[in-house]
Every structure is written in structure tokens, then in C-alpha cells.
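S.K.: sequence and predicted model, in that order:
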Amino acid sequence: MKKLMTVLIALSLALTLALPVAAEDGKVTYSGNAGSFIFEPGGLHSPTDLFPNFKDVMPGDTLSQRITVRNDADNEVKVKIYMRALGAHENSKAFLSQLGLTVEKSPNNDMAYMFDAAASETAQLTDWVCLGTLYSGGEVDLDVILSVPVELDNKYQEQIGYLDWEFMIEEYPIEPGDPQQPTGDAFNQGLWITLATVSLALIILLLILRKKSKENENDATTH
Amino acid sequence: MGKIKIRIIVISLIAMMLSLISTTTLAYYQTVGKATNVVTSGNIRFIIHEMTDQGTAFPQEGVYVLPGDVVSKEVTIESDCDHPFYLRVKPVYGVDSQALSAEDCFKLNINEEHWILHDGWYYYKGIVNPGDTTPYVFSHVEIVGAEVDNSYIGKTLTLTVKAQAVQSENNPAVNGEIFNVPGWPAE
């Protein structure tokens, strides 16, 4: 039995090691109800880093990074999601100004390139750009492409470049004409309101009955 | 008194019900979050090893030689980065006297199976992959007796191995001509 377990463990380890390492996506999740954003996966240099694929880049590289922006707010709200670029940190500008960056919405992109400039710039994302209206569980994907020129100078070896993006949401109530969004949320508001109303009515009824019963007892004692 | 109590209880319950219902109504919220994204660049790094045929490091302080001596000095290069690269090596000779030249004082047994001479540089014929160590460039140095005469007595001859690398990713060698790939640093 022990031998079998050892073989199974070894096999599973071998299979795990044999699996190709998939490129990791960045994730921006709005947790809802005036909550906060969660940025994943983060990294060694920043806990809110959305660029896991843009590490250890070399001259001539063209790398892509998908970032999924998701609304995880409850079923009662829809949100408008916006983003903007704040540019590179001061000590990163020299390095990032050498690199090209494009951002586009995918796959039903109606904004060709939202951003197409040096990675240090804010360019077309200087002002807030609306990514769309998302219902609960809704997502929009951004495809980011980083281009490193083949003639990048040797002095840019082992550099770390920081650039900030901001995301903003505005919550709005669901309106009658809005599409129904399946969310997997089992909360049935109508049922709970009905149950609460019935309970309230029963409590009131019991209190009235109890009071009447006490009054009858008092009457009986008096006579 | 009893009627008042009942009224208070009923009003409280209704208020509780209303507050329960009101939690499902919505305000308009706005939230902003900032992501600090990071781009890092890679590098090319290697280590030059100089060993003797005894398996020990070649002494930093050098060795005493006589004309005609053959000194064991095996030079290899080890990759110390995560990227493959092309490599070239150049022996540079020197002597601590302006009146003398060291150029013809050394004779190296170059490993021509793996290294090819072009414009004064020995180019490694392959690609050095991460973790690899190249075959030796040369393993022995002969002090040429015909060149090292009495004028060299008490002088210090130096043999410095200079190496340069350039990435092979996104940088193919057309027709295998490694010496023609772009990116070799200036000498």
C-alpha cells in the first residue's frame, strides 16, 4: 500500500512538473457595495502589480498580458468602470520611455487602441476612459502588449520600472429595463420579505390575543 | 399602560421591518483603486573560470616562468543568467615595461573545435544556454623561448582574458555568422 502511495505521489509530481507553465493573467476585481478593488496577482516589487508577464524582458521581446476587469458586486447594482494612466514613477521614466505599450479592449473591441505610446506616458489614458457598464459577474478583458526595441541600450539591463494605473467605478441601481444577470446568488428578496411580514403579523396577533386573555382573567377576578 | 406597551412593540417591529427592507435599497457609490504595475528587464551575465590541470584555480598572484615553459591555465566561461547568449573571447597581453612587447611571448593552444578566430576575437561556435559552461578556450600557455630573452628577466608578463556576450534571443545569426550578429559591445 505504501509503495502504491509512493508511486502515485511520484506520478502526480512528475505530471505537475511536466505541465507547461501558462502565462498568468492580471485581474482587477471590484468587490462591491462601495468596497474596494482587488488587484492580482501582485508581485515581488508591488502587491498590486497587474503585469506578471512583463518580467525579465529582453531587447526584441514583444510580450502580451491579459487583464480581466470584473464586477463582483451583488445583483442589485450595475457599475460603470473607468481607467486612466498616471504614468511612470520619476525614477522609472528613463527606462520605461524606451518601451512601447498598447492597451486594447477585447474581444468586442469598439475602441481600437485605448493606449498606444511609450510605457512611461499617460497619452490617451490621461483622462478617465470608460471600459463599459458591468452587471454583477460581468467582465471586460484588456489586452496589453509590451514592445522592447531590439536596440535597447545595455545600460537598461536589470532595471525595474513602475507605472501606475487607476480604476474607478460608479454604482447605479438596476433599472426595470436592464437585462437579468444570473449571478449564482440564491438570495430571494421577495420570499424573505413575505416571511418577515407574516412573522410580524403573527407576533402582533399573539400579543393582541395575550392581552385579551389577560383582560378576561382580570374581569373574571373582579367578578 | 398595556395598550401603550403594545403600541411601542408594534412600532418597533415595523421600524425593524423597514430597516431590513431599506438595506436592499441603494446609494450611488464611487470607488477608486490604484495598481502599481512593474516591468523588469533581464541581463546577460557570465563567469570566467581559470583553472590549472590540478583542478585548482589559477593563482591570482601569477606564476614564475622561464622561456620555453608550458603553464597549465584552462579558461572556460559559465553562464550566470537566465538567457542564452553568443560569446567571444580575446587574450590581451602585457608587460610592465614600455620598452618591451608581450605580443609574441605567449602561445596558446586554442580549442579550434569550438572557437573560431575573427578580427582578433575567438567566437564560441554555439550558443551558451542558461547554466552551461563552455568547452575550454585554451588549456595551456607556452612561454615562447625565442621571444622571451634576457631583457625580460625580472619583468611581469600578463595574459588577460577579455570576454563579451550578446543575447541570442530575438537575434539570429544569419548563415551561422555569429561575429556578424548585431549588439556586440564596442571593444
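M.R.: Yep, it's here. Keep in mind that what you see is a predicted model, and the values were worked out from it rather than measured.
S.K.: all helices of chain B, in order?
M.R.: For chain B, applying DSSP state H gives helices covering B:2-22.
S.K.: just give the nearest non-adjacent residue to the closest residue to chain A within it, would you?
M.R.: As assessed by Cβ to the nearest Cβ, chain A sits closest to residue B:170 within chain B, at 2.6 Å. For the C-beta atoms, the positions are set from N, CA and C on the backbone; glycine is no exception. Counting by Cβ to Cβ, 6 or more residues apart in numbering or on different chains, the nearest residue to residue B:170 once its immediate chain neighbours are dropped is residue A:60, at 2.6 Å.
S.K.: and the pLDDT for residue A:87?
M.R.: Predicted confidence (pLDDT) for residue A:87: 96.
S.K.: wait, residue A:76 touches residue A:174, no?
M.R.: Yes. Contact criterion Cβ atoms under 8 Å: residue A:76 and residue A:174 qualify, at 5.9 Å.
S.K.: can you give me the pLDDT of residue A:82?
M.R.: Residue A:82 is assigned 94 on the pLDDT scale.
S.K.: confirm that it sits in a strand.
M.R.: Yes. Membership of residue A:82 in a strand is supported by DSSP: H, G, I helix; E, B strand; the rest coil.
S.K.: measure it to residue B:132 for me?
M.R.: 49 Å (Cβ to Cβ, to the nearest Å).
S.K.: who's more crowded, the two?
M.R.: More neighbours surround residue A:82 than the other of residue A:82 and residue B:132, with 18 against 14 (other Cβ atoms under 10 Å in any protein chain shown).
S.K.: contact partners for the residue most central in space within chain B?
M.R.: In chain B, the centroid-proximal residue (Cα atoms, centre = their mean) is residue B:45; its distance is 0.7 Å. By Cβ atoms under 8 Å, 6 or more residues apart in numbering or on different chains, the contact list for residue B:45 reads B:79-81.
S.K.: give me that answer again for 6 Å
M.R.: Residues near residue B:45 by Cβ atoms under 6 Å, 6 or more residues apart in numbering or on different chains: B:80-81.
S.K.: the one 4 residues further on too?
M.R.: Neighbour list for residue B:49: residue B:76 [criterion: Cβ under 6 Å, 6+ apart].
S.K.: ok, 10 Å please
M.R.: Contacts of residue B:49 were listed using Cβ atoms under 10 Å, 6 or more residues apart in numbering or on different chains, and they are B:57-58, B:74-78, B:133-134, B:136, B:161.
S.K.: dig out what it forms beta bridges with.
M.R.: Residue B:49 has these beta-bridge partners by DSSP bridges: residue B:76.
S.K.: ok, what's across the strand from the closest residue to residue A:71 other than its chain neighbours?
M.R.: Spatially, and ignoring its direct neighbours in sequence, residue A:71 is nearest to residue A:134 (3.9 Å; Cβ to Cβ, 6+ apart). In this entry, residue A:134 is beta-bridged to residue A:79, by DSSP bridges.
S.K.: what about residue A:134, neighbour count?
M.R.: Neighbourhood size, residue A:134 [other Cβ under 10 Å]: 22.
S.K.: who's in contact with it?
M.R.: By Cβ under 10 Å, 6+ apart, the contact set of residue A:134 is A:30, A:69-73, A:77-81, A:140, A:169, A:181.
S.K.: from these, which land in strands?
M.R.: The strands, defined by DSSP state E, take in A:30, A:69-71, A:77-81, A:140, A:169 from the contacts of residue A:134.
S.K.: could you redo the residues you listed as TSV and give each row neighbour count?
M.R.: Listed next are the ones in strands among the contacts of residue A:134 as TSV, based on neighbours: other Cβ atoms under 10 Å in any protein chain shown:
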residue	neighbour count
A:30	24
A:69	24
A:70	19
A:71	27
A:77	24
A:78	21
A:79	24
A:80	17
A:81	23
A:140	20
A:169	25
